[in-house]
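Engineer: Got a predicted model here, sequence first, then my questions.
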Amino acid sequence: MVDIFPSEGKNGNGMSLAIVDAREWQNLLDLRTGKKVQDEKAQTVMLRSILKKHPYPGDVDILSNQWVTDTALDLIGAYDPQLVCVVYAHQYFASRYTPISEERRIAMIENVFAEIERFINESGHTPVIVGSGDMVKLAGEIDLSKVDGLAISSHWSARYAGLHRASARDLDYVSSNPAIERVVRRDEWISLFPGTSCQADRIPEYLLVAREGWTFVTTGTPMRKSLRIPGESFRIPLSTTLGEAATITEIRALIHANLGNEKIALIIVEGVGIHDFPIPYTPCGNKADWHYYEPGDGLYLTISTGTHQVFAHPSGYEYHDENDAKREYPFSGYFLDIPQHTLASDSPGKSIAVGNHSMFVHTIFGADICLECFARNLYNQGCLGVIHRFK
Amino acid sequence: MQCSYCEWRCELSADSHGVCRMYYADGEEIKERFPNRWSYAVSRVESLPFFHAHPGSRSLTIGTTGCNFKCRYCSNAYIALQDPDTLSEHIYSMTPEELAGMAKKLNCHNIVFNVNEPTVSLPALWQLKKIANKAALPMGCLTNAYGTEESTELLASIFDFINVGLKGFTSKFYREYIGVNKAEPILRNIRWLAGIRHVEVTTPVIQDVNDRELEDIAGFLANIDPEIPWHIFRLLPEYEMKDIGYPSIEQISLALESARRTLSYVYFHNFVGSDWVNTACPECGMEVIERLSLGCGGDKLDYFHCHGNQCPRCGYAIKMHGGYIPL
């Protein structure tokens, strides 16, 4: 067991603390190594207490979004942050995998916006609300299990799949498949995002792009069958009184420009796009040419860093090759490290992040204190609290 | 005709498909309704869980549909308990050659059947075994061990390493929570399998239901071989029991104290951050294999300290099927 000795006002040694809460049982770990640590500082005790008070109901439980509001409000009360990042994702998970009527789907959207309104009223933070895009009914599946090369669909992507070591027969097949909108060569894809840092060797030789409503089934596809999938989202809704952002890369600057004057909450609402957004908004560009971001780490990271992050975890990469014993951040899913220069880590004031899209909350925003559900493939294991630093 | 694959021994006909709904009778022959329909994914062997077989290796995990149990807490009910007829269109139609080829493409060391119950797909698995052998891919499985003696022999001829789900110890528990009448065939099959194959055992614990049977299970396993690795899973109830409380980690760990004295390798996991996933040398106590418990994300090898299968401090031979396979 490791003892940490924090310096005044900072979490010692640059170590990020992780508190895993498996309901009625907690463990305190080093986020990077996964090893047990000891720490009795007030902030750690505070986060332990909030985790204990708010057991996670589950991704598809109707109380999931209420859990976000309640937990975020308690954390705000305890830490008084200038910047809050909140993620509401219940309606995305529920509509993707649960058979629901149109009435129920609309009611879910009304409910999440009622939660957002409650959060805004009780927190007093000025909201910047972003909808991650509409969901559409599944039109069909494109089975890539029989290609000679290797097709991979990574991290719940519906529209994109990677094709590695493709044969001529594979290229004929995907090029002539009417459900595939385009087949993009690696260099063509990279050239779409000039100036973007990327590890070219992780990018598949070909990116396959499905037509709206269609999705790929191949290595990496979750076993649960999708009923709805993310729809066309070249533009997504942005609602705020702070000003305008023409594209998602401008949201960060908009927030930073106003943080000195007021407390701000970035609120991401998953599974809701322009078609269903129930409050006034402006359309915000979510694209580069034919490419748009699905609700995933690329979208989140681009909002958080202000630069395109399409290649941080490129669609269809061979993610399984990175899952060895040497890799760090074992509780951070497929993230190999914690992204730098993110919205909250580059902000001078205090910050928190809370949400029910596990893994993203503690990685993407760089907030001082983060609290998220710990769920994988809809299995509810509890919660994860992370202290990156405290101020 | 009577099915001989599991102890239900269902009457099959062309239109009668038994409890698992995966077989039918074609004259005097039992045939699969959906041969070579598979799901597959990539996983670490520790996630399945196998802690003492091919440590560190990457597995192609596979499954079909259907099950001969109806566990009230099933975590895979959306695939194991659905009508296979409705699911078979949604999984892959792949020949054994294609499935083994996929394992090779994904650089998997082995193939593990882990989604539903292998007994409901043994003929296809036998065909896969022949191809996997040629491709030098060892095969393992998770099973409920409710097979007949003859099908358990077939199971053992297909799989080199087996994790048996021993869900309770009494027939009363099996009747009330699993939907089968007797525990005895399962205990019989564990005894037999442990003599000829690498066997690990997993018991999901439901507090106040089967936690009182833990000591009996430990005694039963110790009687067969005190070095059988035993995984106690904190049950995350799903399906019909999704609203019951989560078991207390502290109380179950306490209940396992006596088991830790009778069995060499007792693990308590299926929750994130577990303290009970490392392997200690039974002789000198050194932690010879360290793992991280990622809960539903599965477990992960962290450090493998053994030399071969031997404790680096005292040389004791740690129970191990196959060697360390770093990715």
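Structural biologist: Sure thing, it's come through. Numbers count the residues shown, from 1 in each chain, chains lettered A, B, ... in the order given.
Engineer: and residue A:137, how many residues sit next to it?
Structural biologist: With neighbours defined by other Cβ atoms under 10 Å in any protein chain shown, the count for residue A:137 comes to 11. Backbone N, C-alpha and C define where each C-beta goes, glycine included.
Engineer: Distance check, it against residue A:14.
Structural biologist: Per Cβ to Cβ, to the nearest Å, residue A:137 is found 47 Å from residue A:14.
Engineer: out of everything not next to it in sequence, what's closest to residue A:125?
Structural biologist: Spatial nearest neighbour of residue A:125, chain neighbours left out: residue A:265 (3.8 Å); criterion: Cβ to Cβ, 6 or more residues apart in numbering or on different chains.
Engineer: correct me, but residue B:48 touches residue B:161?
Structural biologist: No: contact criterion Cβ atoms under 8 Å: residue B:48 and residue B:161 do not qualify, at 9.8 Å.
Engineer: list residues touching both of these two?
Structural biologist: Counting by Cβ atoms under 8 Å, 6 or more residues apart in numbering or on different chains, the contacts common to residue B:48 and residue B:161 are residue B:140.
Engineer: Pretty sure the residue nearest to residue A:125 sits against residue A:124.
Structural biologist: No: the criterion here is Cβ under 8 Å, and residue A:265 misses it with residue A:124 at 9.3 Å.
Engineer: neighbour count winner among these two?
Structural biologist: The neighbour comparison of residue A:265 against residue A:124 (other Cβ under 10 Å) goes to residue A:265, with 24 against 10.
Engineer: any weak-confidence spans in the stretch 1-150 of chain A?
Structural biologist: Under the criterion of pLDDT under 70, the regions of the stretch 1-150 of chain A flagged as low confidence span A:1-13.
Engineer: Could you rerun that using 80?
Structural biologist: Low-confidence segments of the stretch 1-150 of chain A (pLDDT under 80): A:1-14.
Engineer: Now do stretch A:261-270: everything it contacts.
Structural biologist: Outside of stretch A:261-270, the residues within contact range by Cβ under 8 Å, 6+ apart are A:81-89, A:91-92, A:112-113, A:116, A:119-120, A:123-132, A:242, A:251, A:255, A:258, A:295, A:300, A:303, A:343, A:355, A:357, A:365.
Engineer: Would you show me how to pick out the buried ones of those in PyMOL?
Structural biologist: In PyMOL, this line selects whichever of the contacts of stretch A:261-270 come out buried by 16 or more other Cβ atoms under 10 Å in any protein chain shown:
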select buried, chain A and resi 81+82+83+84+85+86+87+88+89+91+92+112+113+116+119+120+123+125+126+127+128+129+130+131+132+242+251+255+258+295+300+303+343+355+357+365
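Engineer: Get me the contact residues on the stretch 51-200 of chain B for chain A.
Structural biologist: Contact residues (Cβ under 8 Å from any Cβ of the partner chain) of the stretch 51-200 of chain B with chain A: B:56, B:58, B:63, B:75, B:78-79, B:90, B:92, B:94, B:98, B:102, B:105-107, B:115.
Engineer: Which stretches in the stretch 201-327 of chain B count as helices?
Structural biologist: Ranges of helices within the stretch 201-327 of chain B are B:214-224, B:249-255, B:257-262, based on DSSP state H, counting those that start in this stretch.
Engineer: Using TSV, lay out these together with mean pLDDT.
Structural biologist: Compiled in TSV, the helices of the stretch 201-327 of chain B are given as follows (pLDDT from 0 to 100):
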stretch	mean pLDDT
helix B:214-224	97
helix B:249-255	93
helix B:257-262	94
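Engineer: Pick the most buried one from the ones you listed.
Structural biologist: Counting by mean count of other Cβ atoms under 10 Å in any protein chain shown, helix B:214-224 has the highest mean neighbour count of the helices of the stretch 201-327 of chain B, with a mean of 18.
Engineer: Convert the C-alpha atoms of that helix to CSV, please.
Structural biologist: What follows is helix B:214-224, C-alpha atoms only, in CSV (Å, rounded to 0.1, in the frame of the first residue of the first chain):
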residue,chain,number,x,y,z
LEU,B,214,-20.4,-21.5,1.1
GLU,B,215,-18.8,-23.6,3.7
ASP,B,216,-20.4,-26.8,2.3
ILE,B,217,-19.2,-25.9,-1.2
ALA,B,218,-15.7,-25.2,0.1
GLY,B,219,-15.7,-28.6,1.9
PHE,B,220,-16.9,-30.3,-1.2
LEU,B,221,-14.2,-28.8,-3.4
ALA,B,222,-11.5,-29.4,-0.8
ASN,B,223,-12.5,-33.0,-0.7
ILE,B,224,-11.9,-33.3,-4.4
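Engineer: Show me what it is packed against.
Structural biologist: Under the contact definition 3 or more Cβ pairs under 8 Å, 6 or more residues apart in numbering or on different chains; DSSP states H and E, helix B:214-224 sits against helix B:184-196, strand B:198-205, strand B:230-234, helix B:249-255, helix B:257-262.
Engineer: Spell out the secondary structure type for the residue nearest to the spatial centre of chain B.
Structural biologist: Nearest to the geometric centre of chain B sits residue B:142, at 2.1 Å (Cα atoms, centre = their mean). Classification of residue B:142 using DSSP: H, G, I helix; E, B strand; the rest coil returns strand.
Engineer: you'd agree it is up against residue B:80?
Structural biologist: No: look at residue B:142 against residue B:80 with Cβ under 8 Å: they stay out of range, at 11.3 Å.
Engineer: Please report how far residue A:346 lies from residue A:314.
Structural biologist: Distance of residue A:346 to residue A:314, given as Cβ to Cβ: 24 Å.
Engineer: Compare these two (neighbour count), which wins?
Structural biologist: Using other Cβ under 10 Å as the criterion, residue A:346 and residue A:314 rank with residue A:314 on top: 22 against 15.
Engineer: give the contact list for the more buried one.
Structural biologist: Residue A:314 touches A:162, A:198, A:202, A:203, A:204, counting by Cβ under 8 Å, 6+ apart.
Engineer: Quick check: buried residues in the worst-scoring helix or strand of chain B on mean pLDDT?
Structural biologist: Lowest by mean pLDDT, DSSP states H and E among the helices and strands of chain B is helix B:77-80, with a mean of 75. Residues B:77, B:78, B:79, B:80 are the ones in helix B:77-80 that count as buried (16+ other Cβ under 10 Å).
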